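> what follows is a predicted structure for the sequence shown.
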Amino acid sequence: MTPDPSGTDYSLQTRLLTAVSVLLCIFLGLTGVVLDRAFRSSVEAGVAEQLQVQIYVLLSAVEEERGQFYFLQDLREPRFSQLNSGLYGVVNSPLTGEVLRTPSALELEFSDFANLWQNLGRGESFFTRAVTAQGQEYFVSTYGVVWENGEDQYNFSVLESTGTYLAEVNKFRTSLWSWLGGVAILLLILQLLLLRWGLSPLRRLAIDLKSIESGSSEELKERYPRELRAVTANLNLLIKSERKQQQRYRETLGDLAHSLKTPLAVIAGVMQALRDARAGDSAHAANDSVREQFRTVDEQLERMNQIVGYQLQRAVKSNGTTALARRVVVAEAAGKVLRALDKVYADKGMRTECRIDAGILFLGDERDLMEVLGNVLDNAYKYGGTWLSITATTALVPARQLSIVVEDDGPGISAEHQEWVLQRGARLDTLARGQGIGLAVVTDIVTSYGGQIEVGSSVAGGARIQLVLSNFQLAGEERAVQ
């Protein structure tokens, strides 16, 4: 698609996909954060429960005698007996401080946790996370106990390194974001496919409009979704209205020009009769003033006939820039013109050569092409000797170009007159029948299609007229939507 110079060129599919992608990323991002926090909270809750169980293990294994605490038996949790295992137990008195620790904590410095040994009531528990001065992080669970004498109060605490917890959280986080990323990519692909499917009626509409422009279709016939039916119905109505308007303009101009032709013909007849009468009257034959008046009237009548003829040509010419062009086979149009002119100029015995590929299609109004070929070939028949040629060639690079060349073996057109003959009313041969506007009409039509006309000399010494157009199509060629 050609970029919009106003800077408003954009794609609905791109806008929708971008909006959905942003929304999807925000939604999945928030979902990931929520799930991550929920998992961390769940893991911490599980750690708290596990540490509470370990406190009960310590309680069952600790005994006191004469104020001295010791372990009655081997601890059921092997990590309590393994030095620096990551699981540590300590018994603390709010009054006297530490009274017992597990073998795993023999090298652990508890001064960093002094503020955590608070005086908890009987059966109260406390769970938190603490960081040492060295940056090591631990889960700490403390449980308040009143000893058997009912007077002494102790805190049983269990500490566990967060390394295992962090490894589990990181593993879950990696898995979570991997899955969410995969889901996001899958959803974006599905969304793109859904958008393409949902917007396909708009693409079909653009293709159908291009078909109407190229002339391969007359109207929008395909069934469209309910949301587009009002648009397509109005477009069909607009297309029909535009064609009716064109036809009405042509008919109006044709009627006007034709209406003027009749009174002009009557005036010309009367003038001829008066001229004949004057010629037969010897008394007035030498009257130079009257002859001058007749000559002036004849010139004005000729000029009026030229104007009417030119307007008649315009009445049958459509606007070459219309978007409602049709496809016309150039070879068939040229053949019709040649057959008609062969009959008109049968006495000349003109030998014609037509080299036009049947697959070349003119994109425009058939009457425009017939008018252009008719005027150029009529001049070739009129002024040529015994031979004329019409050739059509196409080129795709460096630009799309259809070249139609008409040559004859007549007297030709001199270099100083090659531009002049394209002007309206210009005639090199004033004796031949015509109004001198044929090539002007050709120039007008070709220019309206964005083409060019060039006048030169043929290989046989006669005239060479070249028409260069870009609005063509080769048979079987699909024109992409620009």
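Received the coordinates, thanks. Residues are numbered from 1 along each chain as shown.
> could you point out the helix or strand that follows the worst-scoring helix or strand of the chain on mean pLDDT?
Using mean pLDDT, DSSP states H and E, the weakest-scoring helix or strand in the chain turns out to be helix 288-315, at a mean of 63. Downstream of helix 288-315, the next assigned helix or strand under DSSP states H and E is strand 326-329.
> by contact count, what packs against that next one?
Using 3 or more Cβ pairs under 8 Å, 6 or more residues apart in numbering; DSSP states H and E, the elements in contact with strand 326-329 are strand 360-364, helix 366-383. Any C-beta I mention is one placed from the backbone N, CA and C, and that applies to glycine too.
> give me the mean pLDDT for stretch 173-188.
For stretch 173-188, the mean per-residue pLDDT is 89.
> report the buried residues of that stretch.
Using 16 or more other Cβ atoms under 10 Å as the test for burial, stretch 173-188 gives 176, 177, 180, 184.
> what helix or strand is the third one on?
In this structure, residue 180 sits in helix 163-214 according to DSSP H and E.
> other SSEs contacting that helix?
On the basis of 3+ Cβ pairs under 8 Å, 6+ apart, helix 163-214 makes packing contacts with helix 12-61, helix 226-280.
> turn the ones you listed into CSV, including distance to residue 163 and mean pLDDT.
Converted to CSV, these look like this (distance: least, Cβ to Cβ, whole Å; pLDDT from 0 to 100):
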stretch, distance to residue 163, mean pLDDT
helix 12-61, 12, 86
helix 226-280, 60, 71
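> quick one: furthest residue from the center of this structure?
residue 66 (91.3 Å; Cα atoms, centre = their mean).
> pLDDT wise, what is it at?
The score at residue 66 is 71. That number is its pLDDT.
> do the same with residue 464
88.
> show me what counts as buried in the helix or strand where it lies.
The secondary structure element spanning residue 464 is strand 463-469 (assigned by DSSP H and E). Of the residues in strand 463-469, those buried by neighbour count under the rule 16+ other Cβ under 10 Å are 463, 464, 465, 466, 467, 469.
> please apply the same query to stretch 59-68.
Neighbour-count burial for stretch 59-68, counted by 16+ other Cβ under 10 Å, picks out 61, 62, 64.
> and what of stretch 48-58?
For stretch 48-58, burial by neighbour count (16+ other Cβ under 10 Å) applies to 51, 54, 55, 57, 58.
> what sits against the nearest residue to the second one once chain neighbours are set aside?
Read it as residue 54. Here the nearest residue to residue 54 in space, its sequence neighbours aside, is residue 158; by Cβ to Cβ, 6 or more residues apart in numbering that works out to 4.5 Å. Shown in contact with residue 158 (Cβ atoms under 8 Å, 6 or more residues apart in numbering): 51, 54, 55, 58, 87, 88, 89, 140, 141.
> so residue 406, which state does it fall into?
Counting by DSSP: H, G, I helix; E, B strand; the rest coil, the backbone at residue 406 sits in strand.
> bridging residues for it?
Under the criterion DSSP bridges, residue 406 forms beta bridges with residue 390, residue 465.
> and it, how far from residue 459?
Separation of residue 406 from residue 459 (Cβ to Cβ, to the nearest Å): 13 Å.
> which SS class is residue 85?
For residue 85, the secondary-structure state derived from three-state DSSP is coil.
> give me the nearest residue to it, chain neighbours excluded.
Excluding its sequence neighbours, the residue lying closest to residue 85 (Cβ to Cβ, 6+ apart) is residue 79, at 4.0 Å.
> correct me if wrong: that neighbour contacts residue 89.
No - contact criterion Cβ atoms under 8 Å: residue 79 and residue 89 do not qualify, at 9.6 Å.
> which neighbours do those two share?
Here residue 79 and residue 89 share the contacting residues residue 104, scored by Cβ under 8 Å, 6+ apart.
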